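J.: sequence? don't have it. structure:
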């Protein structure tokens, strides 16, 4: 069944209209599609976890040292792989890393 792209208002109108059963069936298909996509993404994130990881607090505690190593030309990623991996997957920590690096480069 091909599901039409609809806004929330359009879905409400369709569900209140004369073809309510058809709209309800389409909405179920759309909801299942969204759930499948969310479930697939969650499974992907779980599959990408490692036996050893650090969280944001541990990453922030080590961030200054990580940035100093990188700015001095050392291979920070090799010396601190858990920080490197966390910065790659965490947007908030990546922003902090980039801000610190930019401050150190100026």
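T.: Noted; the coordinates are in hand. Keep in mind the model is a prediction, meaning the values are calculated, not measured.
J.: For the top helix by length along the chain, name the packing helices and strands.
T.: Longest helix of the chain, by residue count under DSSP state H: helix 20-48. Contact here means 3 or more CB pairs under 8 Å, 6 or more residues apart in numbering; DSSP states H and E; on that basis helix 20-48 packs against helix 8-16. C-beta: built from backbone N, CA, C; applies to glycine.
J.: ok now the helix it packs on, how far from the chain's centre?
T.: 30 Å (CA atoms, centre = their mean, to the nearest Å).
J.: Helix 20-48 and that helix, what's the angle between them?
T.: Orientation note: helix 8-16 sits at an angle of 130 degrees relative to helix 20-48 (axes from the mean of the first three to the mean of the last three CA atoms, to 10 degrees).
J.: residues of helix 8-16 that come out buried?
T.: Residues 11, 14 are the ones in helix 8-16 that count as buried (16 or more other CB atoms under 10 Å).
J.: got it, and stretch 73-91?
T.: Residues of stretch 73-91 classed as buried by neighbour count (16+ other CB under 10 Å): 76, 80, 83, 84, 85, 86, 87, 90.
J.: Span of it from start to end?
T.: Length of stretch 73-91, first residue to last, CA to CA, to the nearest Å: 24 Å.
J.: Touching it from outside, list them.
T.: Identification of contacts with stretch 73-91 by CB atoms under 8 Å, 6 or more residues apart in numbering yields 48, 50, 52-56, 58-59, 62-63, 65-67, 69-70, 93-94, 97.
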